[in-house]
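Q: Take a look and give me a structure for this.
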Amino acid sequence: MKHFLLISIFGLVAAVAYAQGDPVVMTVNGVPVTRSEFEYSYNKNNNEGVIDRKTVAEYAELYANYKLKVQAALDEQMDTLSSFKQEFAIYRDQQVRPTLVSDAEVLAEAKKAYDRAKEAIGPRGLIQPAHIFFRLSTKATPQEQERVKQRADSVYNVLRNGADFAELAKKVSENPRTAERGGLMGWMQPNQAYPEFEDVAYSLQPGEYSRPFLAPDGYHIVLMKARKQLEPFEELKDQIVRSFEQQGIREAIAQQKLKDQVAANNSLTEDQLMEKRADSLAAVDPEMKYLIQEYHDGLLLYEISNREVWDRAAKDEIGQRAWFDVHKKDYAWSEPRYKGIAYHVKDKADVKAVKNCVKRLPFEQWAEALRTTFNPDSIIRIRVEKGLFKQGDNPTIDRMVFKVANADAKVNPDYPIDAVYGKKLKKYPEDYTDVRAQVIADYQEMLEQEWIASLRRRYPVKINQDVLKTVNQH
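A: Numbers count the residues shown, from 1 in each chain. Below is the predicted model of the structure:
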């Protein structure tokens, strides 16, 4: 009875959707997929940049399979797992939180910041000084202080005799950051520098420079480049807003709003408020609705696909071996491979010692055996390259196995003796581990197809061909 009731409800939803101009393009286990939902996914995944574009009919089958997997995950109640809920909430909030804040609210915060800055600047305004700096330690002796003062006085006298301030700053100023700009500093407002510096700087008019004076960090000679009052807000608002946006002002406003709403609604948590906001947006904005649904279903798809296919295939070594044994001919090579090692030693006796070390061991254990036997600490006794090599992969193997006459024969003077050990495989891999990545990929594909077939038997799928023909055509 419950199942019949669900089907009836879904039928009613489908009828309403059709009546409103959004007909149902398919049902998966009785759950309708509207044309707008299908078009959203199809157009997003089949744009001009996609290499393997699908026809509407091809994509319909893929989308049905996608919905089948999601349905299986829902039946497994994967959407009730706390890990799923947490991850989904993070993404949902990333989409929803910016909608809590309007441009007007950001602009209002920018105006508040402007008003605070204007008050802090006050009638003294903004200045842009340049300086020549002579560093002096706070622990300097009277003799050291006198020596630095004399140097500053000397440079001041050169300025008075007509020297260019910027060129002198580049040569003698001990502030590297400003020296490279001819001593030029950024725009300053009151209370941004030492009082001793500001008192002198604010006393100067553009074009005037000071005598040397002492501040806590050393001696300065200051040239006033420009002065101004803070520009009107209308001139600066775009710049302030851009800066605020980069600093995450919308997130800060949104967070404060949520805190205020939680305080005003003691019965609701922040997560519940975000869920309500997401639902209200989805009711009026199809793009937002399908975007959130896409992530919700995508998370479920990942979890159940990982369990049923990806992780299962990657860990099932018995299944990998069985698959390889049946399909070995599918992994034939067009050119031979060498399964083994190329190694380089200092002592000729180690050539045989390396072979004796690994000859009775499985190939996958060679690297660890060689490391612990010959290179157990910081002293490197041998150099080894291990793998499945084709011609061109390794110069030593090219020369000693594939007999390439012009193979690069560079010799490491610290390890002058070259050797190889392994076996030449002419056409086929020796073991599934030789082509494990490809075997796993093929094994996953087989599991995927078997899983889809079982889902098709388990859940009914009905595609409305008449509606499908109208996709992007209405």
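
Q: residue contacts, Ser41?
A: Residues counted as contacts of Ser41 (CB atoms under 8 Å, 6 or more residues apart in numbering) are Tyr59, Tyr63, Tyr290, Glu294. For every residue, glycine as well, the C-beta is placed using N, CA and C.

Q: same question for the helix or strand where it lies, mean pLDDT?
A: Remark: Ser41 resides in helix 35-45, with elements defined by DSSP states H and E. Averaged over helix 35-45, pLDDT sits at 95.

Q: The helix or strand just after it packs against which elements?
A: Next helix or strand after helix 35-45 toward the C-terminus (DSSP H and E): helix 56-75. In terms of contacts (3 or more CB pairs under 8 Å, 6 or more residues apart in numbering; DSSP states H and E), helix 56-75 is packed against strand 24-28, strand 31-34, helix 35-45, helix 286-305, helix 436-458, strand 461-463, helix 465-468.

Q: Now render the ones you listed as JSON lines, adding distance to Val222.
A: Listed next are those as JSON lines, based on distance: least, CB to CB, whole Å:
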{"stretch": "strand 24-28", "distance to Val222": "74"}
{"stretch": "strand 31-34", "distance to Val222": "71"}
{"stretch": "helix 35-45", "distance to Val222": "60"}
{"stretch": "helix 286-305", "distance to Val222": "56"}
{"stretch": "helix 436-458", "distance to Val222": "67"}
{"stretch": "strand 461-463", "distance to Val222": "79"}
{"stretch": "helix 465-468", "distance to Val222": "77"}
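
Q: closest one to Ile379 among the ones you listed?
A: helix 436-458 (32.9 Å; CB to CB).

Q: Mind splitting the chain into its structural domains?
A: 126-228, 333-427 (automatic domain parsing).

Q: tell me the pLDDT at the residue lying farthest from the centre of the chain?
A: Largest separation from the mean C-alpha position in the chain: Asn161, at 58.0 Å (CA atoms, centre = their mean). Note for Asn161: predicted pLDDT of 94.

Q: I'd like to know how far it sits from Gly30.
A: 95 Å (CB to CB, to the nearest Å).

Q: go on, Glu287?
A: Distance from Glu287 to Gly30, by CB to CB: 26 Å.

Q: Quick one: classify Lys386 as helix, strand or coil.
A: Following DSSP: H, G, I helix; E, B strand; the rest coil, we place Lys386 in the strand state.

Q: and the residue nearest to it when sequence neighbours are not counted, what element?
A: Among residues not flanking Lys386 along the chain, Ile341 sits closest, at 4.7 Å (CB to CB, 6 or more residues apart in numbering). Assigned by DSSP H and E, Ile341 belongs to strand 337-345.

Q: That strand pairs with which strands?
A: strand 382-389 (antiparallel), strand 417-425 (antiparallel) (DSSP bridges).

Q: average pLDDT for the first one?
A: Strand 382-389 shows a mean pLDDT of 96 in the predicted model.

Q: ditto for stretch 148-157
A: Mean predicted confidence for stretch 148-157 is 96.

Q: go on, stretch 431-443?
A: Rounded mean pLDDT across stretch 431-443 is 96.

Q: Tell me where the model's unsure across the stretch 351-474 of the chain.
A: Residues of the stretch 351-474 of the chain meeting the criterion pLDDT under 70: 409.

Q: And the stretch 1-150 of the chain, by the same measure?
A: For the stretch 1-150 of the chain (pLDDT under 70), the answer is 1-20.

Q: For Lys348, which residues are in contact?
A: Ile417.

Q: Next one: it relative to Glu308, how far apart?
A: Taking CB to CB, one finds Lys348 at 55 Å from Glu308.

Q: next one: Gly182
A: 68 Å.

Q: Burial-wise, tell me which of the helices and strands packed on helix 56-75 comes out on top.
A: strand 24-28 (a mean of 23; mean count of other CB atoms under 10 Å).

Q: Determine the set of other helices and strands touching that strand.
A: Strand 24-28 packs on helix 2-19, strand 31-34, helix 35-45, helix 56-75, strand 461-463, helix 465-468, going by 3+ CB pairs under 8 Å, 6+ apart.

Q: Burial check on the closest residue in space to Glu335 that isn't next to it in sequence, number of neighbours?
A: The shortest distance from Glu335 to any non-neighbouring residue, by CB to CB, 6+ apart, is to Lys390 (5.8 Å). Residues contacting Lys390 under the criterion other CB atoms under 10 Å number 16.

Q: doesn't Arg337 make contact with Lys390?
A: Yes. Using CB atoms under 8 Å, Lys390 makes contact with Arg337 at a distance of 5.4 Å.

Q: Quick one: the domains of the chain as a markdown table, columns for distance to Ile304 too.
A: Shown next, in a markdown table, are the domains of the chain (distance: least, CB to CB, whole Å):
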| stretch | distance to Ile304 |
| --- | --- |
| domain 126-228 | 57 |
| domain 333-427 | 31 |
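
Q: Of all these, which one is nearest Gln71?
A: Per CB to CB, nearest to Gln71 of the domains of the chain: domain 333-427, 40.5 Å.

Q: in the stretch 101-250 of the chain, which spans are strands?
A: Counting by DSSP state E, counting those that start in this stretch, the segments of the stretch 101-250 of the chain that form strands are 126-135, 213-215, 218-228.

Q: Pick the most buried one from the ones you listed.
A: The most buried one of the strands of the stretch 101-250 of the chain (mean count of other CB under 10 Å) is strand 126-135, showing a mean of 22.

Q: what's the angle from that one to strand 218-228?
A: In terms of direction (axes from the mean of the first three to the mean of the last three CA atoms, to 10 degrees), strand 126-135 departs from strand 218-228 by 170 degrees.

Q: Report the backbone C-alpha coordinates of strand 126-135 in CSV.
A: Taking C-alpha atoms only, strand 126-135 is exported to CSV below (Å, rounded to 0.1, in the frame of the first residue of the first chain):
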residue,chain,number,x,y,z
LEU,A,126,47.3,62.7,3.8
ILE,A,127,50.9,63.1,2.9
GLN,A,128,53.3,61.3,0.5
PRO,A,129,56.9,61.8,1.8
ALA,A,130,60.2,60.6,0.4
HIS,A,131,63.1,60.1,2.8
ILE,A,132,66.8,59.3,3.0
PHE,A,133,67.4,57.1,6.0
PHE,A,134,70.4,56.5,8.2
ARG,A,135,69.9,53.5,10.5
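
Q: With Arg399 as the reference, measure out to Ile382.
A: 18 Å.

Q: Dump the strands of the stretch 101-250 of the chain to TSV, plus distance to Arg312.
A: Formatted as TSV, the entries for these read as follows, by distance: least, CB to CB, whole Å:
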stretch	distance to Arg312
strand 126-135	67
strand 213-215	71
strand 218-228	69
